[in-house]
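Chemist: Sequence plus predicted model, see below.
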Amino acid sequence: MKYKLGTMAVAAMMAASPVMADLVFPSLSYRTGPYAAGGIPFADGYADYFTLLNERDGGIGGVKANVIECETAYNTEKGVECYESTKGEGALIYQPLSTGITYQLIPKATVDDIPIHSMGYGRTSAANGNVFSHVFNYPGNYWNAASGIINHLLEINGGDIKGKKVALVYHNSAYGKEPIRTLEELAKKHGFELSLLPVDHPGQEQKSQWLQIRREKPDNVVMWGWGVMNQVAIQEAANIRYPMDQFIGVWWSGAQHDVLPAGDAANGYKAVTFHAVGDDYPVFDDIRKYVVDAGKAAGAGDQVGTVLYNRGLYAAMLAAEAAKDAQAANGVTDITGGMMRDAMENLNITEERMAALGMPNFGPSFQVSCENHGGPGLVAVGQWDATAKEWSLISEFKESDMEIIQPLIDEDSAAFAAENNIEPNCK
């Protein structure tokens, strides 16, 4: 392995090197539009982590991180424009924060030799690094989430959900349609009945879907929503007195702003996750000291510790750790997108490493490889406590059903490779 050059070596080469340009981390944010409630805390967490590294550590390997934020309003066309306008600034990695934008950027970023980290979203089959050389979706993907949800239903039903009715309420977009094939295969395996209820953008009108749920009385409702759709769905569920502990969302349907509008009626609602919740980690003490209290926060400083702030911070941490590895592996501090890609493909996030960063047990340990850009696919379940106004994990990070998921990844990625004449990336 070439990723062995230690921090002393990095410090030595810094001393011998001229002042380098900033390390550029574009942020394709959306602080406006119907999805802003989710976009704002993620963008805040992403930016604040890099600010923490700059203020506390002097940057990454002695080089300051520069977060270039470009507003997409969750619009695919604007997202592509943001990519084109920032890639020439020395961009090291893109977090599109949109499945639609991710799909459009895959061929562009591959040609430009800049990695994409579509963490927990995007094209799920990009977990196959043999086909998608520049796309990473570790530590988990949509199909892991779908399987994690069904595994939870199995767990609370004694391992048997044969004959149960499961309704999927989903955003009628590429994002929302991602889990359907996986859930269909899981329905065949476990014998449950799956019904599909699409909700058109932005999701404010859902009366007909919830009237159908009230009429058909499914045993469980699964939500694949985003933005205002989540708030409306939880309120509609409350209106028909659907049991909240039988209502479970994907990790993009499980944040504070999704449940708070419904008040006490949201109590017991569940959502899967691939990272920890809350602010009981040493890193948040440093965030408050060096960023929020110093007046350098990206936002108002009121999102620290919320679900999506944590997700943005987690994404930034993974990017920063890959950047450190790229510097060490190449003996330079001013790295390129290609170096960053190679480091991401060799990234090893251990519990010891997370603990040293002030984030012990914040997410599952994992190691990326050329063949597997998707990580371990471990899924935990969170539940909302309306009285305490907080999310808490009610399960450990558990394995998803790769016997179902891996063939789907192989099939979809093989089709993409054939359509685009892609040669295997892993030698």
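Modeler: Received it, and whenever you're ready, just let me know what you need. Remember, predicted model here, so these are calculated numbers, not experimental data.
Chemist: give me the number of residues near residue 189?
Modeler: The number of residues packed around residue 189, counting by other CB atoms under 10 Å, is 12. C-beta here means a position set from N, CA and C on the backbone, and glycine is covered the same way.
Chemist: these two touch, right, it and residue 404?
Modeler: Yes: the pair residue 189 and residue 404 qualifies as a contact (CB atoms under 8 Å) at a distance of 6.5 Å.
Chemist: domain ranges for the protein?
Modeler: Taking automatic domain parsing as the reference, the chain has its domains at 7-140+277-375+407-420, 142-273.
Chemist: Which of these comes out lowest on mean pLDDT?
Modeler: If you rank those by mean pLDDT, domain 7-140+277-375+407-420 sits at the bottom with a mean of 94.
Chemist: Now do that one: distance to the chain's middle.
Modeler: Relative to the centre of its chain, domain 7-140+277-375+407-420 is centred 10 Å away, using CA atoms, centre = their mean, to the nearest Å.
Chemist: picking up where we left off before, rebuild the domains of the chain as a markdown table, extending it with distance to residue 398.
Modeler: Converted to a markdown table, these look like this (distance: least, CB to CB, whole Å):
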| stretch | distance to residue 398 |
| --- | --- |
| domain 7-140+277-375+407-420 | 10 |
| domain 142-273 | 7 |
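Chemist: Quick check: which of the ones you listed is nearest to residue 396?
Modeler: Residue 396 sits nearest to domain 7-140+277-375+407-420 of all these, at 9.4 Å, using CB to CB.
Chemist: State whether residue 271 is indeed within a strand.
Modeler: Yes: assigned with DSSP: H, G, I helix; E, B strand; the rest coil, residue 271 falls within a strand.
Chemist: What is the burial count for it?
Modeler: Under the neighbour criterion other CB under 10 Å, residue 271 is assigned a count of 27.
Chemist: Which single helix of this structure contains the most residues?
Modeler: helix 307-330 (DSSP state H).
Chemist: After it, which helix or strand is next?
Modeler: Using DSSP states H and E, the helix or strand that follows helix 307-330 towards the C-terminus is helix 337-345.
Chemist: for that following helix, packing partners?
Modeler: Using 3 or more CB pairs under 8 Å, 6 or more residues apart in numbering; DSSP states H and E as the contact test, the elements touching helix 337-345 are helix 307-330.
Chemist: angle of the helix it packs on against helix 337-345?
Modeler: On the basis of axes from the mean of the first three to the mean of the last three CA atoms, to 10 degrees, helix 307-330 is oriented at 110 degrees to helix 337-345.
Chemist: buried sites along helix 307-330?
Modeler: Of the residues in helix 307-330, 307-330 count as buried by neighbour count, 16 or more other CB atoms under 10 Å.
Chemist: Check stretch 359-373 too.
Modeler: Of the residues in stretch 359-373, 359, 362, 363, 364, 365, 366, 368, 372, 373 count as buried by neighbour count, 16+ other CB under 10 Å.
Chemist: Return the member of these nearest to residue 256.
Modeler: The shortest approach to residue 256 among the buried residues of stretch 359-373 belongs to residue 362, at 17.9 Å (CB to CB).
Chemist: Mind telling me what element the closest one is part of?
Modeler: Going by DSSP H and E, residue 362 is not in any helix or strand.
Chemist: Residue 103 versus the residue lying closest to it once chain neighbours are set aside, what's the distance?
Modeler: With CB to CB, 6 or more residues apart in numbering as the measure, residue 276 is the residue that lies nearest to residue 362, at 4.7 Å, once sequence neighbours are left out. With distances taken as CB to CB, to the nearest Å, residue 276 is found 29 Å from residue 103.
Chemist: Looking at the two, which is more packed in?
Modeler: residue 276 (22 against 17).
Chemist: Show the pLDDT at the more buried one.
Modeler: Residue 276 is assigned a pLDDT of 96 by the prediction.
Chemist: who's in contact with it?
Modeler: Listed by CB atoms under 8 Å, 6 or more residues apart in numbering, the contact set of residue 276 reads 310, 359, 361, 362, 363, 393.
Chemist: Let me know whether the third one touches residue 353 as I believe.
Modeler: No: with contact taken as CB under 8 Å, residue 361 and residue 353 are classed as non-touching, separated by 12.0 Å.
Chemist: Out of the contacts of residue 276, which comes closest to residue 425?
Modeler: Residue 425 lies nearest to residue 363 out of the contacts of residue 276, by CB to CB, at 25.6 Å.
Chemist: who's in contact with the nearest residue to the closest one once chain neighbours are set aside?
Modeler: Nearest residue to residue 363, sequence neighbours excluded (CB to CB, 6+ apart): residue 275, at 4.4 Å. Residues in contact with residue 275 (CB under 8 Å, 6+ apart) are 139, 310, 311, 314, 362, 363.
Chemist: go on, residue 118?
Modeler: When contacts are counted by CB under 8 Å, 6+ apart, residue 118 is found next to 95, 96, 99, 102, 126, 135, 136, 137.
Chemist: burial of the last one, as a residue count?
Modeler: This points to residue 137. Using other CB under 10 Å: residue 137 sits among 26 other residues.
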